[in-house]
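Asker: Sequence unavailable; structure follows:
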């Protein structure tokens with residue numbers, strides 16, 4: 001009798017099914033992922049492998065408790081595939097300035113084709129790639145955090161991870177504020193389902209603080225990668241534990257702790273937690289403290305609606321409310337710490353919460369046609 005692993009399973013998925021059915025379920029933004037971005041030539045070479053019917057390296061995913069697959073290894077391969085076959089998927093802010101094109105042969109002067117051009121001029125080949133070419137996946141079955149990170153480290157040949165642990169080793173007033181309370185006991189965070197391992201909650205709090213400071217100073221959000229937070233730790237090394245800015249963050253978290261209460265357990269994503277904080281802070285800054293309770297009610301309904309739609313996708317059923325996926329959740333799963341994603345999520349909340357206050361409706365595909373017609 002052949003041995004079957006209980007830790008992982010191998011599956012093959014054609015390109016079309018991957019993009020239409022699997023991609024919306026994949027979180028490409030795990031905290032241990034590196035920020036390396038392939039140059040166009042490298043992406044084109046990967047697509048050429050599909051054209052030549054040559055195997056590409058396996059993509060590694062991990063099942064999570066939230067009906068989402070976390071990408072352990074293969075982020076750049078996935079990004080290249082999506083940029084070629086569905087360049088609009090990541091939105092205008094993340095789409096390449098010119099379509100990704102690929103040569104059909106290795107000849108130096110061979111013509112290049114975008115996927116749309118390939119469909120028009122080499123339709124049989126285009127159909128073969130999307131329908132017949134199989135992508136190989138290895139999926140960890142209900143792994144714990146240790147197995148996920150161990151798998152990632154081994155696939156990356158043991159390179160060190162940049163995570164909350166690195167931030168924890170730094171010094172200074174801002175660093176001390178972020179890490180002064182253990183993750184299990186932090187205001188608001190204590191009720192969420194965010195992982196408290198490897199300082200994941202503290203990492204989320206640092207992202208909140210970075211964009212809180214940025215919005216106050218420049219009027220805009222900014223990128224919140226590891227290196228950006230580390231730079232802020234250095235910049236605000238002597239900010240003072242009793243500074244007005246830090247006290248303000250604490251005050252907002254106290255409000256969130258009170259208003260969300262134990263219902264915050266619906267929140268299991270750092271990006272969702274960060275967006276909640278930034279919106280509540282804006283309400284308070286604008287003198288709209290009385291709107292916070294209504295917003296919390298709206299936000300919890302939004303999260304439940306997203307979970308319902310993700311379950312449909314997980315069961316390979318068509319979503320009944322694509323708006324919550326296209327205009328909000330997509331920016332949770334992909335490039336969530338980048339400025340455009342933080343901004344897109346915030347703009348979605350501004351528009352949809354404003355409508356919710358008038359109608360009591362979270363969002364729907366029909367309503368989205370009006371709210372986001374220019375997006």
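Answerer: Received it, and whenever you're ready, just let me know what you need. Values in this document were obtained by computation on a predicted structure and should not be read as measured data.

Asker: what residues are up against residue 327?
Answerer: Residues near residue 327 by Cβ atoms under 8 Å, 6 or more residues apart in numbering: 344, 348, 363, 368, 372, 375. For every residue, glycine as well, the C-beta is placed using N, CA and C.

Asker: which of those are buried?
Answerer: Among the contacts of residue 327, the ones that count as buried by 16 or more other Cβ atoms under 10 Å are 344, 348, 363, 368, 372.

Asker: just how off-centre is the longest helix along the chain within its chain?
Answerer: Criterion DSSP state H: the longest helix present in the chain is helix 292-314. Put simply, helix 292-314 sits 16 Å off its chain's centre (Cα atoms, centre = their mean, to the nearest Å).

Asker: Tell me the first helix or strand C-terminal of whichever strand or helix holds residue 353.
Answerer: Assigned by DSSP states H and E, residue 353 belongs to helix 339-359. Reading on from helix 339-359 to the C-terminus, the next helix or strand found by DSSP H and E is helix 365-371.

Asker: how near is the residue nearest the centre of the chain to residue 313?
Answerer: Computing the C-alpha centroid of the chain and ranking residues by Cα atoms, centre = their mean puts residue 333 first, at 2.6 Å. Remark: distance between residue 333 and residue 313 (Cβ to Cβ, to the nearest Å) = 11 Å.

Asker: check contacts around the closest residue to residue 341 other than its chain neighbours.
Answerer: Closest residue to residue 341 apart from its sequence neighbours, by Cβ to Cβ, 6 or more residues apart in numbering: residue 331 at 4.1 Å. Applying Cβ under 8 Å, 6+ apart to residue 331 gives the contacts 91, 271, 340, 341, 342, 344, 345, 348.

Asker: closest to residue 142 among those residues?
Answerer: The nearest member of the contacts of residue 331 to residue 142, counting by Cβ to Cβ, is residue 271 at 22.4 Å.

Asker: so that closest one touches residue 335, yeah?
Answerer: No. At 9.8 Å, residue 271 does not count as touching residue 335 under the criterion of Cβ atoms under 8 Å.

Asker: and for the two, which residues touch both?
Answerer: Contacts common to residue 271 and residue 335, judged by Cβ under 8 Å, 6+ apart, are 29, 341.

Asker: before we move on, the earlier item: what's the most distant pair in the contacts of residue 331?
Answerer: Between any two of the contacts of residue 331, the greatest separation by Cβ to Cβ is 14.9 Å, found for 91 and 271.

Asker: With neighbour numbers in mind, choose between those two.
Answerer: residue 271 (25 against 17; other Cβ atoms under 10 Å).

Asker: and the gap between that one and residue 179?
Answerer: Using Cβ to Cβ, which is the criterion applied here, residue 271 is 21 Å from residue 179.

Asker: Not counting its neighbours along the chain, what's nearest the residue nearest to the centre of the chain?
Answerer: Ranked by Cβ to Cβ, 6+ apart and with sequence neighbours excluded, the top spatial neighbour of residue 333 is residue 27, at 4.8 Å.

Asker: The one you found bridge partners, please.
Answerer: Following DSSP bridges, residue 27 is listed with bridge partners residue 70.

Asker: Neighbours of it, how many?
Answerer: The number of residues packed around residue 27, counting by other Cβ under 10 Å, is 20.

Asker: With residue 238 instead?
Answerer: Quick note: residue 238 (other Cβ under 10 Å) scores 9 neighbours.

Asker: Number of residues surrounding the residue lying closest to it once chain neighbours are set aside?
Answerer: Leaving out its chain neighbours, the residue that sits closest to residue 238 by Cβ to Cβ, 6+ apart is residue 173, at 5.9 Å. If you count neighbours by other Cβ under 10 Å, residue 173 ends up with 17.

Asker: I'd like to check which residues are in contact with residue 173.
Answerer: 236, 237, 238, 239, 240, 241, 243, 246.

Asker: any idea how far residue 271 is from the residue nearest to residue 333?
Answerer: The gap separating residue 27 from residue 271 is 9 Å, by Cβ to Cβ.

Asker: can you check residue 322 too?
Answerer: From residue 322 over to residue 271 the distance is 19 Å, taken as Cβ to Cβ.

Asker: What's the first helix or strand after the worst-scoring helix or strand of the chain on mean pLDDT?
Answerer: The weakest-scoring helix or strand in the chain, judged by mean pLDDT, DSSP states H and E, is helix 164-168 (a mean of 73). Using DSSP H and E, the helix or strand that follows helix 164-168 in sequence is helix 173-179.

Asker: And that following helix, what's buried?
Answerer: Of the residues in helix 173-179, 173, 174, 175, 177, 178, 179 count as buried by neighbour count, 16+ other Cβ under 10 Å.

Asker: Now flag whichever of these is closest to residue 78.
Answerer: Relative to residue 78, the closest of those is residue 178; by Cβ to Cβ it sits at 31.2 Å.
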